[in-house]
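S.K.: What shape does this take:
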Amino acid sequence: MNAAWLPLTAIAASLLAAVIIFSLPEESRRLRTSINLLAAVIKITLVTLMIQRVVAGDEAIFSFQIVGNIDFVLRADALGVMFAGLSSLLWLCTTVYAIGYLEGTANRKRFFGFFSLCVASTLGIALAGNLFTFLIFYEMLTLSTYPLVVHSGTDKALNAGRIYLRYTLTAGVVLLFGVVLLYSVTGEHSFASERGLGDYLGDHRTLLTFIFALLVGGFAVKAAMVPLHGWLPRAMVAPAPVSALLHAVAVVKAGAFGILRVIYDLYGIELSVELGVTTALAVAACITIIYGSVRAIAQHELKPRLAFSTISQVSYIVLGVSLFGPFGTIGALAHLLHQGLMKVTLFFCAGIYAEELGIHRIDEMDGAGKRMPLTSLAFTVGALGMIGLPPFAGFITKWYLGIGAIQAEMYWVIAVLVASSALNAAYFLPIVYRLWFRVGPAHGHGNWPNEQRLGRLETHGWLLWPAVFTAVISLAAGLLAGLPFSPLDWATRVAVGEYLQ
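M.R.: Here you go, the predicted structure:
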C-alpha cells in the first residue's frame, strides 16, 4: 500500500464498519461483534505501520484540494500517531467491554454503529494535517457521540444530551469563527507550516491573541475546563462504555489534543509565549485542577466522582502545554497517554460494579474487593496512579510537570500539584479502603444492591479482561517508563522535536 493511503484507510475502516453495522438486522449479534473486532484490529495494524514510518523519519501524508487554498489533509506525524495509537488500543478494549456490557440490551445496532463513527472521528482528529480537516472531524465527533450519550432514552439521558449539544455546538461555532478569522488574516491553517504565524506578529498582535482565545476556548469546552465543564458530569447517565469513551479516549482528549495542536503546530510555543497567552492558560488549568478535585470529594456516587476527577486530570495536559520548556511538554504528552489508560480502567471497573453487584454509590462498595478481587485490584491500580504515587504512571506525569514548572520559573505551580495530589488522595483512598478493609455483605451483613452472577469468574470475562489489561498496561507505563516506546519515551521524542526543530 502507498504510504499516503495509510491515514485514509485507517479512518475508512471504521467508517465502513459503521455502514455495515447500520445495515445489519438487530439480531445479527455474532456478525456485528465480528465486524467490530475486525475493524478495531485493522485500525491498530494500520496505526502501527504509521508509527513505524514516523520512527524511520517518514510521515504518511494524504491530501486533496477542496477549493482555492483549502485542502483536506491527513498527516501521520509523531504527535498524531501518539494520539492515534492511544485511541486505537483503548478502542479495541472498549469494544470488547461494550460487547459484554450491552449483552441482551436493546438498540445494539444503533449503539455500535455510532460507536464506529466515533472511532473514525477520533482517528481523523489525531491525523488531521490542518485546522480545516481537524474541524471537520471535531464536529463529526460531536454529532456521533450524542446518540451514545442519550442511548438509554430516559428523560435524564435526553436532558443530558441536550446540554451536551448546547455546549459542544456552541463551541463549534466559536471554533469555526476562529478558523475563518485566522485564515482571512494569514491564509494559514496547516499544522506543518515552516513559516508559522510569527511573520504576522508585528501587524496583528492583538488579533492573533483574540484568535488564540477563540480557538482554545472552543477546544476548552470538550476538554472540560472550568467554567465550560458543565456538560461532562451530566453525561454520566450514559452507559459505562460511553463514559469510558468520553473520558479516556475521545471527547475530552480531543479538546486537549486541539489545544496541543494550536500551541505547538499552529502558533508555535515561542509565539504563544511572546503573546503572553500561556500564563493565562496555566492559571485556567490550575483553577480547573483544584476545582475538579474539590468537587470530586463532594460526590457520593462513583461515576460522578470519576467525572469530576476527569475535569481535574485532563487539565494536567493543558498545564504542561502552558509551561515553556521541554519538561512541561513531556509531562503533558505523557499524561495524554497515562490518563487515558488509568481513567478507562476506572470506568471499566465502575461499570463492572454496577452490572455485577448493582453498586452505584461509594458507601455501597464495602468489602467488594473480597467479592471481586481482580476488578478491585484494577481499580486500585488506576486510583493510585491518579493520585500520583510512585511507581505508578501518574507519578511520572507530576514529576515532569514539577520540573517543567521550575524550568519555567512558575514556582506556584508546584503548590498546585502538591495540593492536587492531596485532594486526589482524599477522594480515591476512601474508596480503596472500603474495597479492601471494610466488611461487606459477603460476610453476612445484608445483600449487594443487585447481585447478578454474570459469569464463571467474578464477572463476565468480556467485562473483566479489558479492565485487567488496561490496568496492567497503565502499571507498566510507570514501572517501565525508561524503556523504548513507552509513553514517556514517545512523549520525549515529540518534545525534543518541538524544541529542537
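S.K.: which residues of the stretch 351-500 of the chain fall in helices?
M.R.: If DSSP state H, counting those that start in this stretch is used as the criterion, the helices of the stretch 351-500 of the chain fall at 368-371, 373-387, 393-407, 412-437, 461-479, 487-500.
S.K.: what is the mean pLDDT for stretch 68-86?
M.R.: In this model, stretch 68-86 has a mean pLDDT of 88.
S.K.: buried stuff in that stretch?
M.R.: 71-86 (16 or more other CB atoms under 10 Å). Bear in mind the C-beta positions are built from the backbone N, C-alpha and C, glycine included.
S.K.: Can you lay out the helices of the stretch 351-500 of the chain as CSV showing mean neighbour count?
M.R.: Formatted as CSV, these follow (neighbours: other CB atoms under 10 Å):
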stretch, mean neighbour count
helix 368-371, 21
helix 373-387, 24
helix 393-407, 23
helix 412-437, 18
helix 461-479, 22
helix 487-500, 20
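S.K.: Quick one: closest of those helices to residue 33.
M.R.: helix 461-479 (9.7 Å; CB to CB).
S.K.: And the strands in the chain?
M.R.: For the chain, the strands defined by DSSP state E occupy 60-67, 70-76.
S.K.: name the helices or strands packed onto the longest one?
M.R.: Strand 60-67 sits against helix 6-23, strand 70-76, with contacts defined as 3 or more CB pairs under 8 Å, 6 or more residues apart in numbering; DSSP states H and E.
S.K.: I'd say residue 332 and residue 325 touch.
M.R.: No. Proximity of residue 332 to residue 325 does not meet the contact threshold set by CB atoms under 8 Å, at 11.0 Å.
S.K.: When the two are compared, which one has more neighbours?
M.R.: residue 332 (30 against 21; other CB atoms under 10 Å).
S.K.: Which pLDDT value goes with the nearest residue to that one once chain neighbours are set aside?
M.R.: Distance criterion CB to CB, 6 or more residues apart in numbering; nearest residue to residue 332, sequence neighbours excluded, is residue 320 at 2.6 Å. Residue 320 is assigned 93 on the pLDDT scale.
S.K.: and what of residue 123?
M.R.: pLDDT at residue 123 comes out at 93.
S.K.: residues near it, how many?
M.R.: 29.
S.K.: What's the local residue count around the residue nearest to it when sequence neighbours are not counted?
M.R.: Nearest residue to residue 123, sequence neighbours excluded (CB to CB, 6+ apart): residue 11, at 5.2 Å. Per other CB under 10 Å, the neighbour tally for residue 11 reads 24.
S.K.: Residue 11 contacts residue 126, doesn't it?
M.R.: No. Counting by CB under 8 Å, residue 11 stays clear of residue 126, with 9.5 Å between them.
S.K.: mind listing what the closest residue in space to residue 331 that isn't next to it in sequence touches?
M.R.: Excluding the flanking residues, the one nearest residue 331 by CB to CB, 6+ apart is residue 400, at 3.4 Å. By CB atoms under 8 Å, 6 or more residues apart in numbering, the residues touching residue 400 are 320, 327, 328, 330, 331, 334.
S.K.: still on that earlier bit, make TSV from the strands of the chain and add distance to residue 51 to it.
M.R.: Shown next, in TSV, are the strands of the chain (distance: least, CB to CB, whole Å):
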stretch	distance to residue 51
strand 60-67	10
strand 70-76	8
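S.K.: wait, which of those strands is closest to residue 292?
M.R.: That would be strand 70-76 among those, by CB to CB, at 32.6 Å.
S.K.: Report all helices and strands that the closest one contacts.
M.R.: Against strand 70-76 (3+ CB pairs under 8 Å, 6+ apart) you get helix 6-23, helix 29-55, strand 60-67, helix 108-127, helix 131-149.
S.K.: If you count contacts, what does the first one end up packed against?
M.R.: Using 3+ CB pairs under 8 Å, 6+ apart as the contact criterion, the secondary-structure elements in contact with helix 6-23 are helix 29-55, strand 60-67, strand 70-76, helix 108-127.
S.K.: now what about it, what contacts it?
M.R.: 1, 32, 35-36, 38-39, 42-43, 46-47, 49-50, 53, 60-62, 74-76, 84, 109-110, 112-114, 116-117, 119-120, 123-124, 127.
S.K.: Please pick the buried ones from these.
M.R.: For those, a burial check counting by 16+ other CB under 10 Å picks out 32, 35-36, 39, 42-43, 46-47, 49-50, 53, 60-62, 74-76, 84, 109, 112-114, 116-117, 119-120, 123-124, 127.
S.K.: Find me the pLDDT at the residue nearest to residue 123, would you?
M.R.: For residue 11, the predicted pLDDT is 92.
S.K.: returning to what we had before: so for residue 266, which of the strands of the chain sits nearest?
M.R.: strand 70-76 (13.2 Å).
S.K.: contacts for that closest one?
M.R.: 6-8, 11, 50, 53-54, 59-66, 84, 124, 127-130, 132-133, 136, 183, 190-192.
S.K.: what about 7 Å?
M.R.: Residues from elsewhere that reach strand 70-76 (CB atoms under 7 Å, 6 or more residues apart in numbering): 6-8, 50, 53-54, 59-66, 127-130, 132-133, 191-192.
S.K.: ditto for stretch 328-337
M.R.: Contacts of stretch 328-337 (CB under 7 Å, 6+ apart): 82-83, 86, 253, 256, 316-317, 320-321, 396-397, 400-401, 404, 407-408, 487-488, 491-492, 494-495, 498.
S.K.: so can I have a markdown table of the contacts of residue 400 showing distance to residue 248 and neighbour count?
M.R.: As requested, the contacts of residue 400 are exported to a markdown table (distance: CB to CB, whole Å; neighbours: other CB atoms under 10 Å):
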| residue | distance to residue 248 | neighbour count |
| --- | --- | --- |
| 320 | 18 | 30 |
| 327 | 24 | 21 |
| 328 | 22 | 29 |
| 330 | 20 | 28 |
| 331 | 18 | 32 |
| 334 | 15 | 32 |
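S.K.: Which ones among the residues you listed lie within helices?
M.R.: 320, 327, 328, 330, 331, 334 (DSSP state H).
S.K.: what's the closest of the residues you listed to residue 244?
M.R.: Once CB to CB is applied, the member of those that ends up nearest residue 244 is residue 334, at 20.3 Å.
S.K.: From residue 132, how far off is the closest residue to residue 191 other than its chain neighbours?
M.R.: Nearest non-adjacent residue to residue 191, counting by CB to CB, 6+ apart: residue 265, 3.9 Å away. According to CB to CB, to the nearest Å, residue 265 stands 14 Å off from residue 132.
S.K.: Same question for residue 138.
M.R.: Separation of residue 138 from residue 132 (CB to CB) stands at 11 Å.
S.K.: what about those two, which has more around it?
M.R.: Under the neighbour definition other CB under 10 Å, residue 138 and residue 132 were set side by side, and residue 138 has more, 27 against 18.
S.K.: The more buried one: what's it in contact with?
M.R.: Here residue 138 is in contact with 125, 254, 258 (CB under 7 Å, 6+ apart).
S.K.: give me that answer again for 8 Å
M.R.: Per CB under 8 Å, 6+ apart, neighbours of residue 138: 121, 125, 172, 175, 222, 254, 258.
S.K.: Likewise for residue 351?
M.R.: By CB under 8 Å, 6+ apart, the neighbours of residue 351 are 97, 101, 239, 240, 241, 243, 244, 463.
S.K.: and with 7 Å instead?
M.R.: By CB under 7 Å, 6+ apart, the neighbours of residue 351 are 101, 240.
S.K.: any idea how far residue 241 is from it?
M.R.: On the measure of CB to CB, residue 351 and residue 241 end up 7 Å apart.
S.K.: Please enumerate the shared neighbours of those two.
M.R.: residue 101.
S.K.: what pLDDT does residue 163 get?
M.R.: For residue 163, the model assigns a pLDDT of 92.
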